[in-house]
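Engineer: let's see this in three dimensions:
(one chain, ligands or ions: 3)
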Amino acid sequence: MSPKPAKEVTAMTTAGHVAIIMDGNGRWAKRRGMPRTFGHQAGVNALKRTVEAAPQLGIQWLTVFGFSTENWRRPASEVSELMGLLKAYVKTDLARLEREGVRVRIIGRREGLAPDILAIIEDAEARTAANDRFNLQVAFNYGGRADITDAATRFAEDLAAGRISRDEDPEIVFARYLSTAAGPSPDLIIRTSGEQRLSNFLLWEAAYAEFVFQDVLWPDYGPDALKAAVQEYLGRERRYGGVDADDVLAPG
Ligand code: IPE
Ligand code: IPE
Ligand code: MG
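Structural biologist: Residues are numbered from 1 along each chain as shown. Ligands and ions are numbered 1, 2, ... in the order given. The predicted model follows:
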């Protein structure tokens, strides 16, 4: 088989849903002799660049991992910096996102978040609810296991109460209980900083995602790195458990 020619990223050939594990802020700061919080601040600028670049590459859904259910294990000062940065990001960027047709959703556990953070999340979602040009999901206080556990609890309650039809495919019904229910599964999951693990991100949704690991530390991320990841994705062959169409022998 001859190698496939490299595809150029266009709005027609792209990954519809890209999810990013934004990693490496701490190491980026350490290399500069600065505190970890300096890296998180620079990471917000990388997020802004990436959110701007994604629709230009034809991406329709972008999910970013901002704070995991395990990140509470970090020092209180760092946790509070990360909470503050979410607030600051929404404060400075919400009006622009709203204007540019971006629908914002925050996925993850709401319990355990401070009232001011909850208010900001609800405001961002309400103000952008009518938008449909681009979908930005921020995973905040998100863990794949927590999300599946919470979904399973509510699913079991509804099943016991007879609110779930047994005629429908239970996998499809169950997925509606996840905090990612509004969107498609990710086509491409990117992790920066050279680490090659999921760290509890989108466990259910990642079933058939392609993975691209990039060495770049998150604060250095931007349009070129995103384009390179999508380019690599376009060279992959997705089979979903089936076989490549070229390998199916014609009958007879
Ligand atoms: C990613 O950078 C940001 C969050 C987890 C919120 P890190 O803070 O994990 O940076 P490293 O991995 O320590 O370099
Ligand atoms: C995953 O990164 C969480 C976010 C990017 C928000 P971590 O840096 O927390 O993951 P581990 O601890 O290296 O697995
Ligand atoms: Mg990390």
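
Engineer: count the neighbours of residue 231 for me.
Structural biologist: 17 (other CB atoms under 10 Å). Using the backbone N, CA and C atoms, a C-beta is placed for each residue, glycine as well.

Engineer: next one: residue 198
Structural biologist: Other residues close to residue 198 by other CB under 10 Å number 16.

Engineer: tell me the contacts of it?
Structural biologist: 21, 144, 189, 206 (CB atoms under 8 Å, 6 or more residues apart in numbering).

Engineer: which of those residues fall in strands?
Structural biologist: 21, 189 (DSSP state E).

Engineer: next, residue 68: phi, psi?
Structural biologist: Per-residue torsions, residue 68: phi -100, psi 160 (degrees, to the nearest 10).

Engineer: how about residue 54, what does it touch?
Structural biologist: 18, 62, 134, 226.

Engineer: remind me which helix or strand it belongs to.
Structural biologist: helix 36-56 (DSSP states H and E).

Engineer: per-residue confidence averaged over the longest helix seen in the chain?
Structural biologist: Secondary structure of the chain read by DSSP state H shows that its longest helix is helix 76-99. The pLDDT scores in helix 76-99 average 96.

Engineer: does that helix reach ligand 1?
Structural biologist: Yes: Helix 76-99 lies within reach of ligand 1 by CB under 6 Å from any ligand atom, at residue 82.

Engineer: tell me if that helix is near ligand 2.
Structural biologist: No: judged by CB under 6 Å from any ligand atom, helix 76-99 and ligand 2 are separated, with a smallest distance of 8.3 Å.

Engineer: neighbouring contacts of that helix?
Structural biologist: 36-37, 40-41, 43-44, 47-48, 51, 66-67, 71-72, 74, 104, 114, 116-117, 120-121, 123-124, 127-128, 131, 136, 138, 140.

Engineer: flag every residue of the stretch 101-250 of the chain that's near ligand 2.
Structural biologist: 195, 197, 199.

Engineer: these two touch, right, the last one and residue 69?
Structural biologist: No: taking CB atoms under 8 Å as the definition, residue 199 is not a contact partner of residue 69, at 10.3 Å.

Engineer: phi, psi of residue 65?
Structural biologist: Per degrees, to the nearest 10, the backbone of residue 65 is at phi -90, psi 110.

Engineer: thinking again about what came up before, name every strand pairing with the helix or strand just after the longest helix of the chain and say which way it goes.
Structural biologist: The C-terminal neighbour of helix 76-99 among helices and strands, as given by DSSP H and E, is strand 102-107. Taking DSSP bridges as the criterion, strand 102-107 pairs within the sheet with strand 134-142 (parallel).

Engineer: angle of the partner strand against helix 36-56?
Structural biologist: 150 degrees (axes from the mean of the first three to the mean of the last three CA atoms, to 10 degrees).

Engineer: now do strand 134-142: distance to the chain's middle.
Structural biologist: Centroid separation between strand 134-142 and its chain, computed with CA atoms, centre = their mean, to the nearest Å, is 6 Å.
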